[in-house]
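*Asks:* quick one, structure for this:
(chains A and B)
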Protein chains: 2
Amino acid sequence: MNTFPRLIEVRQKILKKNDVVARELRERFRREGTFVVSLVSSPGSGKTELLRLMLNSLAQRFRVGALVGDLATENDARRLSQSGVPVRQIVTGSVCHLEAEMVRQSLEDWGIAGLNFLFIENVGNLVCPASFDLGEQVRLILTSTAEGEDKPLKYPTIFHSADAAVITKIDLADAVGFRRDDLVKAIHSVRPGMRVFETSARTESGVSELVDFLVGLRAQALGA
Amino acid sequence: MNTFPRLIEVRQKILKKNDVVARELRERFRREGTFVVSLVSSPGSGKTELLRLMLNSLAQRFRVGALVGDLATENDARRLSQSGVPVRQIVTGSVCHLEAEMVRQSLEDWGIAGLNFLFIENVGNLVCPASFDLGEQVRLILTSTAEGEDKPLKYPTIFHSADAAVITKIDLADAVGFRRDDLVKAIHSVRPGMRVFETSARTESGVSELVDFLVGLRAQALGA
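*Replies:* The predicted model follows:
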């Protein structure tokens, strides 16, 4: 298809522009002392439930907020705002990922500042979000026990773009015949040495370890 | 971002070209008596396992084959070729969906003809494949009991592009607290009256109903 080279050219322009905005955001977050964590995964891996638990936990000690991206519906923002922390939904329409400009615009409209933690939940997608830097300090990739252990091998780019992996729905491990070692091996074949957390939003197991990890990273980043 | 209108323009050109190729494919499949079924879902919804069972079942009575799309790895083709039917992998690189031209090219390289059924397994993604007609007669959208009942509301375009819905991993329904009525209601709010199948690749329940449905559609399409 001879339209492909043209698409790539336009795509590169968009990515370049995205990187510029992402750098500005990262600099701004650093100045304001806001530690930004993004979450990527397949649809239905449990990003929103895990985020709800992390917000609840962190809100006891920190000023936290969240931006959540979806093609349609504001369901996630409604679910998360029950935790009492400020949450904004970014409805992307038909766009399969968040972009730095969407984050920038959303923060501008929101008028919020002085957060200690900002979480950004991307659109559920293991492909498109990989190339878009959102100015976050840490990107978490979630994959559930129900999805199969080969996902890192099939979607290597997004696993490679992440800083830590979170296995979700660990409570289902027996029911689905989850092979933990296979998944960890697949993760490490794509991203050697990446930290891997195991969580269950239902039993809340593993959530405090993940929260402590993020709190530690924030302290490091602020030189505290 | 002022590059957006340009991207949309290029995207429309690609979609238009895709539609032309898809129409040619559809005409060719009709001439050759090949009934083409595509599968779309999130990563890890169980497309490959369900496809394996359908191939096994149909191969007893029909000439069947499959094209499977993935960003990386030929794992799916290897798994499926154990069923003894011809299977080809389309490795898309960083492209988040299959396109009609990839199908056309793959069939040309393959040199296969005279199939009664051709299955096309798309890249695991609930966004990008929605806009790309592959020349298929029937598109199945799969969603697993583990993904949450709100997926049709969050990804309405792809549900709307499908002809029938398949709930997978029904054996996990109790373990995950699956709310069947909520999911069916969400499906029907996006696509009123759409047929909904309930399957388990583990227990094989519901697979024969789905196979019979496809055999019936093929007979209708061929005027048999």
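*Asks:* now stretch A:198-216: buried residues?
*Replies:* Using 16 or more other CB atoms under 10 Å in any protein chain shown as the test for burial, stretch A:198-216 gives A:198-201, A:206-207, A:210-211, A:213-215. The C-beta positions use only the backbone N, C-alpha and C, and glycine is treated the same way.
*Asks:* got it, and stretch A:84-98?
*Replies:* Buried-residue list, stretch A:84-98, by 16+ other CB under 10 Å: A:85-90, A:92, A:95-98.
*Asks:* am I right that A:Ala165 is in a helix?
*Replies:* No - if the criterion is DSSP: H, G, I helix; E, B strand; the rest coil, then A:Ala165 is strand and not within a helix.
*Asks:* tell me who's in contact with it.
*Replies:* A:140-143, A:159, A:187, A:191, A:194-197 (CB atoms under 8 Å, 6 or more residues apart in numbering or on different chains).
*Asks:* switch to 7 Å and redo it
*Replies:* A:Ala165 makes contact with A:141, A:143, A:187, A:194, A:196, according to CB atoms under 7 Å, 6 or more residues apart in numbering or on different chains.
*Asks:* between which two of the residues you listed is the distance greatest?
*Replies:* A:Thr143 and A:Met194 (11.9 Å; CB to CB).
*Asks:* and the longest helix for chain A?
*Replies:* helix A:4-32 (DSSP state H).
*Asks:* before we move on, the earlier item: so which of the buried residues of stretch A:84-98 would you say is closest to chain B?
*Replies:* A:Cys96 (3.7 Å; CB to the nearest CB).
*Asks:* just checking, the closest one is part of a helix?
*Replies:* No - according to three-state DSSP, A:Cys96 belongs to no helix; its state is coil.
*Asks:* for the residue positioned nearest the centre of chain A, what are phi and psi?
*Replies:* Closest to where the C-alpha atoms of chain A average out (CA atoms, centre = their mean) is A:Leu39, at 1.1 Å. Backbone torsions of A:Leu39, given as degrees, to the nearest 10, read phi -120, psi 130.
*Asks:* what do you get for A:Phe117?
*Replies:* phi -130, psi 130.
*Asks:* show me which positions of stretch A:153-172 end up buried.
*Replies:* A:153-159, A:161-172.
*Asks:* on that earlier part again, now do the contacts for the residue nearest to the centre of chain A.
*Replies:* A:47, A:51, A:119, A:121-122, A:140, A:142.
*Asks:* what about stretch A:16-23, distance to the chain center?
*Replies:* Distance, stretch centre to chain centre, for stretch A:16-23: 18 Å (CA atoms, centre = their mean, to the nearest Å).
*Asks:* kindly report the same for stretch A:193-210.
*Replies:* 14 Å.
*Asks:* now do it: distance from first to last residue.
*Replies:* 16 Å (CA to CA, to the nearest Å).
*Asks:* give me the mean pLDDT for that stretch.
*Replies:* Averaging pLDDT along stretch A:193-210 gives 97.
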